[in-house]
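>>> Quick check, what structure comes out for this input:
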Amino acid sequence: MMFLDDLKSTLSTPINPKIETNDKYRLASILVVIYGKSPIVIMTEKPKHMKFHAGEISFPGGKLDSTDSDLLQTALRETSEEIGLTISKEQVIGQLEPVVTLNSRFLILPFISVVDEISPLSANCEVEKIFHIPLESFLKTAAKDPDPSHNIIQEMYTFEYQNQIVWGASARILKQIQNCLKS
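This next block holds a predicted model:
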């Protein structure tokens, strides 16, 4: 069984919220929020009318804004805007390897926050639905993505929750978490 303290120690890494990038990708960041005695991860469903990633299951986050001091501030700002959750820089325990999106050309830096509890969440217009997903059973749904067109840049995976398929960058972020917890 997973415990928050174990997750904190396993997922804690130095935080370096700046990435050097070429003009090929636009910078973005997300926040993986894990909370509760039986760890739960928060994910969101994007509305179907959005320009990018419509209907996809993803983590709160978005693109680097000119007013953001760095990608960590982006992740915290976007999490607050999208789901009404305020996480402080001190509550961010680590980050994962950056992932890229195939179609929208984003380079995403994932940050991780593990907290005991969260306040009630409220979705803004960029979020159709907020999911509170039990992390341990969710990570067990990992499968290789069967769609060969998704395997262009790197190995692709899918995860499943309530008949919703999580794929793409979000699935690669989850796979990194799964790999950290296995080692």
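
>>> And the pLDDT at F3?
Confidence at F3, expressed as pLDDT, is 84.

>>> ugh, typo on my part, it should be P148
Value listed for P148 in the pLDDT field: 64.

>>> do the same with the one 4 residues further on
At I152, the predicted lDDT confidence score is 61.

>>> and the helix ranked longest in the chain, what does it pack onto?
If you go by DSSP state H, the chain has its longest helix at helix 168-182. Applying 3 or more CB pairs under 8 Å, 6 or more residues apart in numbering; DSSP states H and E, one finds that helix 168-182 contacts helix 4-11, strand 26-35, strand 57-58, strand 99-100, strand 106-115, helix 135-139, strand 157-161. Every residue, glycine included, has its C-beta placed from N, CA and C.

>>> which residues are in contact with it?
Applying CB atoms under 8 Å, 6 or more residues apart in numbering, the contact partners of helix 168-182 are 2, 7, 10-11, 30, 32, 43, 56-59, 96-97, 99-102, 106, 108, 110, 112, 138-139, 142, 145, 150, 154, 156-159, 166.

>>> chain center to it: distance?
9 Å (CA atoms, centre = their mean, to the nearest Å).

>>> any idea of the mean pLDDT in that helix?
On average, helix 168-182 scores 93.

>>> about what we covered before: make TSV from the helices and strands packed on helix 168-182 and add distance to E81 to it.
TSV is the format used below for those (distance: least, CB to CB, whole Å):
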stretch	distance to E81
helix 4-11	24
strand 26-35	11
strand 57-58	14
strand 99-100	21
strand 106-115	15
helix 135-139	24
strand 157-161	23
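
>>> Arrange those in a markdown table, one row each, with mean neighbour count and distance to I83 as further columns.
Below are the helices and strands packed on helix 168-182 laid out as a markdown table (neighbours: other CB atoms under 10 Å; distance: least, CB to CB, whole Å):
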| stretch | mean neighbour count | distance to I83 |
| --- | --- | --- |
| helix 4-11 | 15 | 20 |
| strand 26-35 | 24 | 9 |
| strand 57-58 | 23 | 11 |
| strand 99-100 | 20 | 20 |
| strand 106-115 | 24 | 12 |
| helix 135-139 | 17 | 17 |
| strand 157-161 | 19 | 17 |
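
>>> Any idea which of these gets closest to T79?
strand 26-35 (4.6 Å; CB to CB).

>>> Now do the same for the residue sitting nearest the centre point of the chain: its pLDDT.
Residue closest to the mean C-alpha point of the chain, counted by CA atoms, centre = their mean, is F59 at 3.7 Å. The confidence metric pLDDT takes the value 97 at F59.
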